[in-house]
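A structural model of the following input is requested.
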Amino acid sequence: MNGKTYETNMNMAEKAILISLVTPDDKRGGADHEHSLQELAALAETAGVEVLTALTQNRENVDSKWFIGKGKVQEVKALADELGATTAIFDQELSGAQVRNLEEALDLKIVDRTQLILDIFAGRAKTREGIIQVELAQLSYLLPRLSGHGKNLSRLGGGIGTRGPGESKLETDRRHIRGRISDLKAQLEEVVRHRKLHRERRRKSGVIQVALVGYTNAGKSTLLRELTQADVYVENQLFATLDPTSRALTLPNGREVVLTDTVGFIQNLPHDLVAAFRATLEEVLEADLVLHVIDGSSPMRDEQIRVVHHILGELGAADKPMVMVYNKKDLCREKGMLPNLPITGGDNLVISAYEIEDLELLRQTVQDKLSGDTLTFHLPAERGDLIALAYRSGEVLRQEVNEDTMKLTVHVSKQQYEQHGRSLQPYVH
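Okay, the predicted model is just below:
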């Protein structure tokens, strides 16, 4: 491909046909393919692709050679020629052989859902950690499919499926890619070590941590911005936030906690991506409280909640203290969906990130969930270690020294007491 053609093609917007295969097993599993295709379209648009149309095929099983049936391949070919499509995006994951066969039959770039999500992440990664994580996930995805991506690597000179590691790296042999994966894992381990040390320092200093989690585009970044006046990127698109952002949140009693925004979840989140981002997602494991932000206006709300709970379970964070924050109350009101939402109370909140009263209610709820009891400790004056532990267990309200005993009145949160105060139990009076 000469330089002139490369430049021209780089400037061409990719035009895609979306394709989904539905089998009886999928139907029995209760999957909503219409919504999945809508989500695929949103992913494609986020990646800068123009979606021309979408096709669904119902089949008894997957075709090992083409994924879809041979007749459907011919139909896609005719449609692509008619509409001027350059790309076919599949809603399911393809094998390397299927990619190669479809490329040859359709003369289109072939991209599957996993590759599309990885590509969006590659475009969004800004920190060193994020860039390492995405490249590691992309190469782990690519390695078993190397033989199936010959044309993809040169077709159109770029675009979706080629961002991130770059053509020159992807065209090298498996040994080189395995070596690169080993290097990236070593770099990531170093980043993980630093992150772990940072988390331990925060824990030892008694910093209370609150994590925002939720389905992508549920409004987590908007909440972070409105609650903390943080200068964070907010956009109505999928995966607007990739790298975690932490800001100080001031509670009604004046106390500050750390509020952390995390990457959004999505159904069928690629396994390699979950593995690569585990270090980032483990911020949730260290949280004293999790705010599960939900797009209350989404018709797929319940399914999105299920996806988030499933991924939290995989991370080992399912038992964390949690508040379900049903966001976008204003949109629900417009759509007449408010009656479908839970009533605010207990572990459920229905809010709009743009209504001051709702933000105050959320701050108060966080404070209430983190607050605990006021305890009085009678500690031996010579036990500096126990006295330091009492200080880390909460807010010291009063201190008295009587001969060989130090009496401390401390307001402790449930989380801090679990973390620091258990060994002080014998000294509580």
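
For Ser205, give me its contacts.
With contact set as CB atoms under 8 Å, 6 or more residues apart in numbering, Ser205 has these partners: Arg392. To be clear about C-beta, it is placed using only N, CA and C from the backbone, and glycine gets the same treatment.

And it, how far from Val258?
Counting by CB to CB, to the nearest Å, the gap from Ser205 to Val258 is 11 Å.

same question, Asp358
21 Å.

hey, where'd the helices end up in the stretch 1-150 of the chain?
Applying DSSP state H, counting those that start in this stretch to the stretch 1-150 of the chain gives helices spanning 3-10, 24-28, 33-46, 70-83, 96-106, 113-124, 128-142.

Dump these into JSON lines; add mean neighbour count and mean pLDDT as well.
Putting the helices of the stretch 1-150 of the chain into JSON lines (neighbours: other CB atoms under 10 Å; pLDDT from 0 to 100) gives the following:
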{"stretch": "helix 3-10", "mean neighbour count": "11", "mean pLDDT": "31"}
{"stretch": "helix 24-28", "mean neighbour count": "12", "mean pLDDT": "72"}
{"stretch": "helix 33-46", "mean neighbour count": "19", "mean pLDDT": "88"}
{"stretch": "helix 70-83", "mean neighbour count": "15", "mean pLDDT": "94"}
{"stretch": "helix 96-106", "mean neighbour count": "19", "mean pLDDT": "92"}
{"stretch": "helix 113-124", "mean neighbour count": "23", "mean pLDDT": "87"}
{"stretch": "helix 128-142", "mean neighbour count": "22", "mean pLDDT": "86"}
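
out of those helices, which comes closest to Leu184?
Closest of the helices of the stretch 1-150 of the chain to Leu184 is helix 128-142, at 4.3 Å (criterion: CB to CB).

Remind me which helix or strand Val210 belongs to.
Following DSSP states H and E, one finds Val210 within strand 209-214.

That strand pairs with which strands?
strand 256-261 (parallel), strand 289-295 (parallel) (DSSP bridges).

Lowest mean pLDDT across those, which one is that?
For those, mean pLDDT drops lowest on strand 256-261, to a mean of 88.

Tell me which helix or strand comes right after that one.
helix 271-276.

who does that next one touch, helix- and strand-wise?
Under the contact definition 3 or more CB pairs under 8 Å, 6 or more residues apart in numbering; DSSP states H and E, helix 271-276 sits against helix 113-124, helix 128-142.

Phe90 is nearest to which of the ones you listed?
helix 113-124 (6.7 Å).

now, of the strands paired with strand 209-214, which is deepest in the fold?
When you average the neighbours per residue for each of these (mean count of other CB atoms under 10 Å), strand 289-295 leads with a mean of 24.

Using PDB, write out every CA atom in it.
What follows is strand 289-295, C-alpha atoms only, in PDB (Å, rounded to 0.1, in the frame of the first residue of the first chain):
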ATOM      1  CA  LEU A 289     -18.400   1.400  50.900                       C
ATOM      2  CA  VAL A 290     -19.500   0.800  47.300                       C
ATOM      3  CA  LEU A 291     -22.000   3.100  45.500                       C
ATOM      4  CA  HIS A 292     -23.500   1.000  42.600                       C
ATOM      5  CA  VAL A 293     -24.700   3.700  40.200                       C
ATOM      6  CA  ILE A 294     -27.500   2.500  37.900                       C
ATOM      7  CA  ASP A 295     -29.000   4.100  34.900                       C
END
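
Could you check the angle the helix or strand following it makes with strand 289-295?
Counting by DSSP H and E, the next helix or strand C-terminal to strand 289-295 is helix 301-315. Helix 301-315 and strand 289-295 are oriented at 150 degrees to each other (axes from the mean of the first three to the mean of the last three CA atoms, to 10 degrees).

In terms of secondary structure, what does helix 301-315 contact?
Using 3+ CB pairs under 8 Å, 6+ apart as the test, helix 301-315 ends up in contact with strand 209-214, helix 278-281, strand 289-295.

Minimum distance to Leu40: which of these has it?
Per CB to CB, nearest to Leu40 of the helices and strands packed on helix 301-315: strand 289-295, 17.6 Å.

returning to that earlier point: export the helices of the stretch 1-150 of the chain as a markdown table, with columns for distance to Ser182.
Putting the helices of the stretch 1-150 of the chain into a markdown table (distance: least, CB to CB, whole Å) gives the following:
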| stretch | distance to Ser182 |
| --- | --- |
| helix 3-10 | 32 |
| helix 24-28 | 36 |
| helix 33-46 | 30 |
| helix 70-83 | 38 |
| helix 96-106 | 21 |
| helix 113-124 | 19 |
| helix 128-142 | 10 |
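
For Ser298, which of the ones you listed is the nearest?
helix 33-46 (9.2 Å).

Which strands and helices lie in contact with that closest one?
Using 3+ CB pairs under 8 Å, 6+ apart, helix 33-46 sits against strand 15-22, strand 50-58, helix 113-124.

quick one: strands adjacent to the first one?
The sheet places strand 15-22 alongside strand 50-58 (parallel), strand 87-90 (parallel), with pairing taken from DSSP bridges.
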